[in-house]
Structures are given as structure tokens and as C-alpha cells.
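Colleague: sharing a model that was predicted from the sequence below.
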Amino acid sequence: MNLFAEIKTVVLEAVARLAAEGVLPGEPATSEIMAGITVEPPRDASHGDMATNAAMVLARPAGVRPRDLAEKLAPLLEADDRIAEVTVAGPGFINLRLAPALWHGVIGAVLAEGADFGRSKMGAGQRVNIEFVSANPTGPLHVGHTRGAVFGDALASLLDFAGYRVSREYYINDGGAQVDVLARSAFERYREAHGLNPEIAEGLYPGDYLVPVGEALKAEFGDTLLDQPEDAWLEKVRDFATAMMMDLIRADLKALGVVMDVFYSEKSLYGSGRIEATLADLEARGLIYQGVLEPPKGRLPEDWEPRPQTLFKSTEYGDDVDRPIRKADGAWTYFAPDIAYHKDKIDRGFDLLIDVWGADHGGYVKRMKAVVAALSDNRVPLDIKLCQLVKLYKDGEPFKMSKRAGVFVTLREVVDEVGADVTRFVMLTRKNDAPLDFDFVKVLEQSRDNPVWYVQYAHARIRSLMLRAGEAGLETGDSTLASAALAGLIDDAELGLMRKLAEFPRLVETAATHHEPHRVAFYLYDLASEFHSWWNRGQDQPALRMIRDDDPGLSRARLALARAVQVVISAGLGILGVTPINEMK
């Protein structure tokens, strides 16, 4: 049940009636113009239950004043039994008040649909590839990866809930120089496992996490590699260490509740001919050429010189400058395998690609969007989401770096400190492109200022309420509560909760459209806040208590409302990958 979509249908039917009667002059509105019509909660709740911009959207193409058009739409809308009152405001906004029975119907819909309330068919089964985390396989995941992992996984769940078919994918960067550095670092730990002093030179990875890798290399190869030259052991150690790092990364992701559908190796592209074939296809279309780039803006680097390079014409697809795909020594740039990788995604039949990157990759966005547009003939959109930095604190003080990792705080340290559920929820309390402060003490506080506790507390409170109701002899099953008489739910707090529940299906579609799972976290906090306010009013005013010994019918109605709130909280937490709590410690 999507009450906002239902009322939008009423609005569109009224518009169609005006057009059919010739009251709506001008050219017929295009589907694009009609798509701009919205029905949403008004900014000021005192104005009504819903508001529509229909007159504002249609006035210009119809050649009339918005308010005049709104005045013609108003009586048609008010004639519908579901709408109790219509008012025209300002230059032509239309505010609507709904019949109370519609709000009561939301409770029944939530209890009948259960965990599927709010689930949408908006995605129509379109296939979406979400690539996220994709950290270099050179060590454990750090806190920055944690945010990207949570965001990507929650976005995948959100899109699935909205009717898309989603594939979670990790791109293993195992084809560049960084894995050779990993091999050299692991080899020093291998030497250490044999009682030799490791020589952790500048540029190698110093973290203690490679000690077990050295021990495992010793168990696998004995001392056979010790006296061999680098070119004899580099590939063996690189493959062995990379595999162990990926096992570590998979375990870290699992601890956070993230399970990938696909792990795609960059190395698999090399020697396969796919890079060459992809670039040859672009070249055949006149998008690859030999050229000289303009000098960088500002002060020139001392080593800069104008030299011919192999370039992709990314400026033809909105980029600021054409991009190199081959280095002067003939080796591929990082861009070349990325082009082939995204071509592979397109070839796998995805309708939409989403990449989740760290904020430090912002300069790479335009070229990647450009090449995907070129590869798919503008058929497959690419949305790139950048996750800003996470600053760690403990009781207001900066959190110290990890000795084990050498230079950063690991994902596992964060999860071990506060748990996966708290970590996930807190990582979604800010929009992905806004910086996030994460205080290990504050995220465990039991206060309204801690969103995750506040939402979980609402869920646990309702569980406690249901147990007390059962002890009082009241039936609390969803089917029983769904048939409760709800006419007695007329208090402002109760109506406010019903309105908030009705927003959830719309919220899901809006968040999915914009690829913003943080909207779900914000909604849950607002819903929990309204529930706690209702609860507290009942503590202060006996007539508003949820269990009334003198009125079992009203008690059942209020229990139905409370249970509906709990169902929606559980569904929302499920999208975020957070397990609802039934009892607070």
C-alpha cells in the first residue's frame, strides 16, 4: 500500500478530466511534464496531510496562472471520498487533508503485508551492478573501507526492496604494482619466520598482519625460497599473499554482514585480450588517437613535457580533458583495464552500473562516466557515489592508529569495539558525500542523541508492550490486531504516527531513486521519535495509555498501531542490514 501513490492517481485523474473537458487549454502535457507532478508531505504539517504541485507544473504549458488552475482542480479533488478538505495556497499549491479512515487503513496494510510493507515494484526487475569496497588486496580493510562497504551493501538492499535485481561486486586490484610491493613485504615476513631479521624498507607494508602470511609461506615452501633471486619467487609469493589477503578481506566483510556475489580479478584481464579488444573497438569508432595534452593548469611540474600519448576522447562525453590510456613506456595506465572491466559489466547485461569509491577518487569520475557512455552508446548509466572520510574518536579524543595495521584503524577493530549493527547504522547517519565523525563512546550511549540506540529502543519498547498485553489477557497476534476497530485512534500523536507510517513506501522509492540509503536511517529516527513521544504522553495522561483495563477495544487499537510501528522499524533496519533488538541491556 502506497497512500501517496494512491492520492497521486486521484490528482492525475482530475488533471485528465480537465483536459478532456477542454478546461485545461494549450498543448497536451507530455509524459515528462506529467512526471513532474508530485504528491508529498507538506513542509508545514499544519497545512494538511499532503500537498501537490500539479497546478504549478501544468500552468506554463497550459498558458494559465497556476492559482487559477489550482482553483479548477480543487473541487474535483474534494469530490473524492478519500479527501476530506482541499485548500489552495500561495501561487497555486494545493494542500489536502485526508479522511481519517485512510490513515486507519495504513495500520491494517502494515499488519497484513508485514515485512513486505513498503516493498516496491519500481525497479521492474532491472539489473543493477553495484561495485563497492574494491580495496587493494594488500592488507586488512580500514575504517574508510567500512563506510563504503556499509553504504554499498545498504544501497543494494534498498534497490532490491524497490524491485531491482542487484549484484554486489568486488573488483580485486591484483594487477598493479601494489601487489608486487605486497609480495616483497610478505617475503620479509617469510624471512622473519625463519629467524632472520626482516628488512622493512621504505615503501613496503610494515603492518604485523603480514606475520601470519610469512608463517604460512614457510609452511608452504619451507626454506626453498630463501636463497632464490626475486624473479624466481616474486610471482609465487605474490599469488600466495594476495589469496591470503583476500581471505582476510572476505572475513572482515562477513563480520560486518557484507557478502559479495562476485569477486572480479583485475589480473584476469591481462593476457586475455579483452583490454586490447575493448580499446580497438573504441579506436575503430574514432575515440582513440595519438595526441599531446595541454599543459596542466597552474604551475607546471618540473618534469612535464609535451609528448605524444595514446588518448581516449573523453571530452566528447562531458569530460574536461582527454585521458591517457597508455604510458610512454608502452604499459597501460590504470584507466585501460578499468575501461575493459566496465565493458565486461555492460556485456553481462546490466541496466545500471553503480560504483562506490572513496572521496580521493573524485578526479576519476568524469573519465569513467565518459567511457561508460561511449561503450554503451549512452544506453547504460553509471552512477558514482563518493564516500567521504570517517574521523574516529573515543570520548571526544582522536582514536589512535592500529599497531597491527601499521598506519590505520581496521574494519575489524571497529566491529569488535561496538558491533556490526551499531557500526552499520552509524555509518548511515550522514549522506555518503558528507564527512562522518564516529565516537566509540557516543555510539554506545543510551540517549536520544544516539540514533541507533533510539531506534532500537523503540523496537524493544514495543516488544515489552506486547508481552505486558499478553499478560493482561489481550491477543497480540498480527491477524487479530489487523481486525481491531481503529475509530478511537484520534489523538494527534496517534494520527501523526499513522501519517509517518504511510510515508514509508514513498520514502523507499525516493531513497532508491536517488541512491541514498541514509534517508532510511533518517526516517527510522523520526518514526522512533514520534513513537517515544506518544509513549511518553501515555505515561503522563492515563486516558492515552496503550493498555486500558477499562477499554479493551481501544487497547487493541493502540496495540495495533504500536505493532505497525515495530513492523516498519524492523523492515527499515533490514534494509540497512541491522538486526532489530527485542530487549535493551
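Modeller: Arrived safely.

Colleague: can we go C-alpha only for contacts and neighbour counts from here?
Modeller: Fine.

Colleague: R563 - nearest residue in space that isn't next to it in sequence?
Modeller: Nearest residue to R563, sequence neighbours excluded (Cα to Cα, 6 or more residues apart in numbering): I462, at 6.8 Å.

Colleague: and that neighbour, what helix or strand is that in?
Modeller: Applying DSSP states H and E as the criterion places I462 in helix 451-471.

Colleague: swap in V567?
Modeller: Going by DSSP H and E, V567 is in helix 552-576.

Colleague: circling back: touching, the residue nearest to R563 and A564? I think so.
Modeller: No. Counting by Cα atoms under 8 Å, I462 stays clear of A564, with 9.8 Å between them.

Colleague: more crowded one of these two?
Modeller: A564 (28 against 21; other Cα atoms under 10 Å).

Colleague: roughly how far apart are that one and A162?
Modeller: 20 Å (Cα to Cα, to the nearest Å).

Colleague: give me the low-pLDDT residue ranges for the chain?
Modeller: In the predicted model of the chain, residues 25-31, 299-305, 401-407 satisfy pLDDT under 70.

Colleague: tell me the centre residue of it?
Modeller: Centroid check for the chain by Cα atoms, centre = their mean gives L155 as the closest residue, at 3.0 Å.

Colleague: so what's it closest to, chain neighbours aside?
Modeller: Leaving out its chain neighbours, L155 is closest to P517 (Cα to Cα, 6+ apart), at 5.5 Å.

Colleague: what about that neighbour, neighbour count?
Modeller: Using other Cα under 10 Å, P517 has 31 other residues around it.

Colleague: tell me the contacts of it?
Modeller: By Cα atoms under 8 Å, 6 or more residues apart in numbering, the residues touching P517 are F151, A154, L155, L158, L428, A511, L576.

Colleague: rerun at 10 Å
Modeller: Residues in contact with P517 (Cα atoms under 10 Å, 6 or more residues apart in numbering) are 150-159, 428-432, 507-508, 510-511, 572, 575-576.

Colleague: equivalent analysis for I107, please.
Modeller: 481-484, 486, 497-498, 501-502, 557, 560-565.

Colleague: please check the residues you listed and keep the buried ones.
Modeller: 481-482, 484, 486, 497-498, 501-502, 557, 560-565 (16 or more other Cα atoms under 10 Å).

Colleague: thinking D252 is in contact with R412, fair?
Modeller: Yes. The criterion here is Cα atoms under 10 Å, and D252 meets it with R412 at 6.0 Å.

Colleague: what's the overlap in contacts for those two?
Modeller: Joint contacts of D252 and R412 (Cα under 10 Å, 6+ apart) are P140, L141, H142, T146.

Colleague: neighbouring contacts of stretch 285-304?
Modeller: With Cα under 10 Å, 6+ apart as the test, stretch 285-304 has contacts from 279-283, 305-316, 321-325, 371, 374.

Colleague: if we can go back for a sec, point out the other helices and strands that the helix holding I462 packs with.
Modeller: Here helix 451-471 touches helix 420-427, helix 518-540, helix 552-576, going by 3 or more Cα pairs under 10 Å, 6 or more residues apart in numbering; DSSP states H and E.

Colleague: would you turn those helices into a markdown table with distance to A35?
Modeller: A markdown table is the format used below for the helices and strands packed on helix 451-471 (distance: least, Cα to Cα, whole Å):
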| stretch | distance to A35 |
| --- | --- |
| helix 420-427 | 33 |
| helix 518-540 | 22 |
| helix 552-576 | 27 |
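
Colleague: quick one: closest of the ones you listed to M34.
Modeller: Set against M34 and scored by Cα to Cα, the helices and strands packed on helix 451-471 come closest in helix 518-540, at 25.3 Å.

Colleague: tabulate the CA atom coordinates of that closest one in PDB.
Modeller: Taking C-alpha atoms only, helix 518-540 is exported to PDB below (Å, rounded to 0.1, in the frame of the first residue of the first chain):
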ATOM      1  CA  HIS A 518      20.800   7.300   4.600                       C
ATOM      2  CA  ARG A 519      17.300   8.500   4.000                       C
ATOM      3  CA  VAL A 520      16.000   5.200   5.600                       C
ATOM      4  CA  ALA A 521      18.100   5.800   8.700                       C
ATOM      5  CA  PHE A 522      16.800   9.400   9.000                       C
ATOM      6  CA  TYR A 523      13.200   8.200   8.600                       C
ATOM      7  CA  LEU A 524      13.600   5.500  11.200                       C
ATOM      8  CA  TYR A 525      14.900   8.100  13.700                       C
ATOM      9  CA  ASP A 526      11.900  10.300  13.000                       C
ATOM     10  CA  LEU A 527       9.500   7.400  13.300                       C
ATOM     11  CA  ALA A 528      11.100   6.300  16.600                       C
ATOM     12  CA  SER A 529      10.900   9.900  17.900                       C
ATOM     13  CA  GLU A 530       7.200  10.100  17.200                       C
ATOM     14  CA  PHE A 531       6.600   6.700  18.800                       C
ATOM     15  CA  HIS A 532       8.500   7.700  22.000                       C
ATOM     16  CA  SER A 533       6.600  11.000  22.200                       C
ATOM     17  CA  TRP A 534       3.300   9.000  22.000                       C
ATOM     18  CA  TRP A 535       4.500   6.600  24.700                       C
ATOM     19  CA  ASN A 536       5.500   9.400  27.000                       C
ATOM     20  CA  ARG A 537       2.200  11.100  26.600                       C
ATOM     21  CA  GLY A 538       0.500   7.900  27.700                       C
ATOM     22  CA  GLN A 539       2.700   7.900  30.800                       C
ATOM     23  CA  ASP A 540       1.600  11.400  31.700                       C
END
